[in-house]
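>>> Pasted the sequence and its predicted model underneath.
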Amino acid sequence: MSAPTTTTTEHSARQGYGGDPRSPLRVAVLGVGMMGQDHARRLAGLVNGAELVAVSDVDAARTDAVAAEFGVRAIHDPKAAIADPEVDALVIATPGFTHEDLVLLAIEAGKPVLCEKPLTTAPETSRRIVEAEAASGRRLVQVGFMRRFDAEYQQLRALIASGELGRPLFLHCAHRNATTPPNFSSEMLMLDSVVHEVDVVRYLTGEEVVAIRVLAPGSTSHAPEGLKDPQFVIMETESGTLVDVEIFVNTTFGYEVRTELVAERGSVQIGLGVGLVRHSAAGWGGSIPRDFKERFGAAYDTEVQRWVDAVRAGLGVDGPGVWDGYAAAAVCAAGVQSLRSGERVVVDLGARV
C-alpha cells in the first residue's frame, strides 16, 4: 500500500515554527510588567526546549532593565519583535487592549503565540482573531487560561467526565484577592478576574455559557471609592448547570480560589489547600496563598512547558485556543452589560468558525 499523500498545508502545519527541532525555540516576551517578567524567568531558567532571546515593552527603561537582568536583547517596539527573524515564537503579556494588533501581526508572520488573558477586551476583536487564525490554516495562538493546567482542576474535570457522581447540578466558585491596584474598575472584576471562572466552567463541563447575571451588594469599606466590590455572578450552561461566583478583590487577607461541584450523587471541593476533598456515600476525605503566583505557580510552569513542546512538535497549541478566548470575552461582555443593568443577559456566540 502506498503512503498517503501530504498536502502543502499539512506539511506546513507539521513543520511548526520552521526551526530545527533539535534547537531550542527562540522566544521573545512582549510586555515585561509583573506577568511578563514572571514568564521571562520561566523561559530563561525553567522551561526545557526554549530560549529567551528578547524582551520588549513600550517602557524603554523597563525593557532595558529586564533585558540586562536576563542577558537578552531589548527590543523597544513590540511590533519589531514580532517581525524579528531571530524570534521563533512570542509570549504576549502586554495590556489587554493591545492584544488584537499584536496577535494579528503574529498570525500574519506565522509565529506561534502564548497570549495572556484576555485574548482581547471585546468579543468583536476576539472574533477577528478567530477568523484570522482560521484563514491562516494553522493553530498558532494559545490563550493563557492557566487553571486548565492546575492538578486539582484536572482531577475535577476527569471526575465530571467519568459520570461517577452523575450530572453536574451546581458549581459554587469563590475568587478572592487581598487588594487591587488603584486603577481597578468595577468592570474589571468581570473582565480581569471572573474571566478565569468563565473559562473554568467551560473547561469543567464541556459546555458553553448561555446566560449570565451580575449582582452587586453594598461594597466593602476597603474598596476604593466607586468600586463595586464584591460582586455575585450567576451563569447558566447549555444543559442547565447553574454556576455562582463570588468575586471579592479587596478582602485584605490573601488570595483564595475555590470551586465546589454539586452533582446528583455527591459533591467535590477544590482550592482548600489540602487537595481534592470529596463528599459522597463512601465518606469524605492550610494556609492561604499570598497571591496568584503562589497558588497557580505550578500551573503556569506546566502551561508554558506544554506550549513550548506543542510548538516544537508542530502542533502550535496544547490548551485553550482562540475560540476559548472569544467565548470568554463574549460572556464577560454580557456580564458587564448585566452589571450595569442588573438584568439576566443571554450570550450569543454565533456560528463556530
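Done, it's in.

>>> and the residue nearest the centre of the chain, what is it in contact with?
Nearest to the mean C-alpha position of the chain, by CA atoms, centre = their mean, lies residue 145 at 1.9 Å. With contact taken as CB atoms under 8 Å, 6 or more residues apart in numbering, residue 145 is in contact with 117, 196, 199, 200, 203, 319, 320, 324, 328. C-beta: built from backbone N, CA, C; applies to glycine.

>>> Serialize these to a markdown table and add fields for distance to residue 63, pLDDT and neighbour count.
What follows is these, written out as a markdown table (distance: CB to CB, whole Å; pLDDT from 0 to 100; neighbours: other CB atoms under 10 Å):
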| residue | distance to residue 63 | pLDDT | neighbour count |
| --- | --- | --- | --- |
| 117 | 23 | 94 | 23 |
| 196 | 28 | 96 | 21 |
| 199 | 30 | 97 | 25 |
| 200 | 33 | 97 | 26 |
| 203 | 34 | 97 | 19 |
| 319 | 28 | 95 | 19 |
| 320 | 28 | 97 | 26 |
| 324 | 30 | 98 | 23 |
| 328 | 29 | 97 | 29 |
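
>>> mind listing which of those residues are in helices?
Judged by DSSP state H, the contacts of residue 145 include 196, 199, 200, 203, 324, 328 as members of helices.

>>> in stretch 297-307, what counts as buried?
Neighbour-count burial for stretch 297-307, counted by 16 or more other CB atoms under 10 Å, picks out 299, 300, 302, 303, 304, 305, 306, 307.

>>> Relative to the whole chain's centre, how far out is stretch 212-220?
Relative to the chain's own centre, stretch 212-220 is displaced by 24 Å; criterion: CA atoms, centre = their mean, to the nearest Å.

>>> What residues sit buried inside that stretch?
Those would be 212, 213, 214, 219, for stretch 212-220 by 16+ other CB under 10 Å.

>>> Closest one of these to residue 347?
Residue 347 lies nearest to residue 212 out of the buried residues of stretch 212-220, by CB to CB, at 6.4 Å.

>>> Report the beta-bridge partner residues of that closest one.
Here residue 212 sits in beta bridges with residue 235, residue 345, going by DSSP bridges.

>>> so what's it up against?
By CB under 8 Å, 6+ apart, the neighbours of residue 212 are 233, 234, 235, 236, 331, 334, 335, 338, 344, 345, 347.

>>> mind listing what the nearest residue to residue 348 once chain neighbours are set aside touches?
Counting by CB to CB, 6 or more residues apart in numbering, residue 348 lies nearest to residue 330, which is 7.7 Å off, once chain neighbours are set aside. The contact partners of residue 330, by CB under 8 Å, 6+ apart, come to 123, 126, 347, 348, 349.

>>> Can you say which helix or strand has the fourth one in it?
So that's residue 348. Using DSSP states H and E, residue 348 sits in no helix or strand.

>>> and what of the second one?
Secondary-structure assignment from DSSP H and E places residue 126 in helix 123-136.

>>> re earlier: distance-wise, check the residue nearest to residue 348 relative to residue 130.
11 Å (CB to CB, to the nearest Å).

>>> my guess is residue 323 contacts residue 352, does it?
Yes: between residue 323 and residue 352 there is a contact at 6.7 Å, judged by CB atoms under 8 Å.

>>> Which one of those two is surrounded by more residues?
The neighbour count for residue 323 versus residue 352, taken as other CB atoms under 10 Å, is higher for residue 323 (20 against 9).

>>> And the more buried one, how far from residue 353?
7 Å.

>>> shared neighbours of those two, anything?
Joint contacts of residue 323 and residue 353 (CB under 8 Å, 6+ apart) are residue 130.

>>> Contacts only, for the residue lying closest to residue 134 once chain neighbours are set aside.
Closest residue to residue 134 apart from its sequence neighbours, by CB to CB, 6+ apart: residue 353 at 5.0 Å. The contact partners of residue 353, taken as CB under 8 Å, 6+ apart, are 127, 130, 131, 134, 323.

>>> Turn those into JSON lines, columns for distance to residue 109.
Below are the contacts of residue 353 laid out as JSON lines (distance: CB to CB, whole Å):
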{"residue": "127", "distance to residue 109": "21"}
{"residue": "130", "distance to residue 109": "18"}
{"residue": "131", "distance to residue 109": "17"}
{"residue": "134", "distance to residue 109": "17"}
{"residue": "323", "distance to residue 109": "21"}
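
>>> Which secondary structure element is home to residue 158?
Short version, using DSSP H and E: residue 158 is in helix 151-162.

>>> Can you give me the domain assignment for the chain?
The chain breaks down into these domains under automatic domain parsing: 8-146+302-321, 148-292+328-346.

>>> from those, which stretch is densest packed?
domain 8-146+302-321 (a mean of 19; mean count of other CB atoms under 10 Å).

>>> Just give me how far that one sits from the chain centre.
14 Å.

>>> likewise stretch 323-331?
Per CA atoms, centre = their mean, the centroid offset for stretch 323-331 relative to its chain is 10 Å.

>>> just stretch 171-187 next, same as before
16 Å.

>>> what about the helices in this structure?
Going by DSSP H, the chain shows helices at 8-15, 34-45, 60-70, 78-83, 99-109, 123-136, 151-162, 186-188, 195-205, 292-312, 322-341.
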